[in-house]
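Student: Fold the stuff below for me.
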Amino acid sequence: MSIRSTAKAIIIKEGKVLLNECYDKMNGHYYSLPGGGQHQYETLYEALVRECLEETGYMINPVRFAALCEEICMHEGFREEYPDYAHKMYHIFICELAEEGAKIPIERDEMQVGCEWINIDSLKHLRILPKVLGDSICDVIDNTVTMFLGSEHIEFNHG
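Tutor: The predicted structure follows:
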């Protein structure tokens, strides 16, 4: 058994947040934060910068650690086939762009269909996964204190 450590970015620019637009057959259409799994011997910051560049083409600077949440996939078939992805800890950072322009993304997630800059005021109307993050993303952005968003059991894994 292993717990996957992931680093996720809330990248803010001019009142907007960059989100990955995603689709998979089990979860339908949703948004997620850019970022992904931490490699062994890689710091969370290094993982965050690498994953954001791979998925979005943007070079970022992590500004502060903002939130933590946990997600556990309950689907037995998924647990058997992908045991390294069935239990995840999300380390969420507020970030800024290090450079204005984006490069071509080199390694988008399988379920990722694109990236989109979304007005912060519109975030509460979107389906953002994990749900515990989507329900409180505006509080995470507005709060200067690190938050624990909680743990949730989900039926189907997502990106």
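Student: Could I get the CA-only coordinates of the helix or strand bottoming out on mean pLDDT in the chain as CSV?
Tutor: In the chain, the helix or strand scored least confidently by mean pLDDT, DSSP states H and E is helix 76-81, which has a mean of 86. Extracted in CSV, the C-alpha atoms of helix 76-81 (Å, rounded to 0.1, in the frame of the first residue of the first chain):
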residue,chain,number,x,y,z
GLU,A,76,-12.2,-2.1,-5.8
GLY,A,77,-11.3,-2.6,-9.5
PHE,A,78,-9.5,0.8,-9.5
ARG,A,79,-7.7,-0.1,-6.3
GLU,A,80,-6.5,-3.4,-7.7
GLU,A,81,-5.4,-2.0,-11.1
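Student: who touches that helix?
Tutor: Applying C-beta atoms under 8 Å, 6 or more residues apart in numbering, the external contacts of helix 76-81 come out as Cys73, Tyr85, Ala86, Phe156, Asn157. The way it works is simple: take the backbone N, C-alpha and C, and place the C-beta from them, glycine included.
Student: out of these, who's nearest Met59?
Tutor: Of all the contacts of helix 76-81, Met59 sits closest to Tyr85, with 26.3 Å by C-beta to C-beta.
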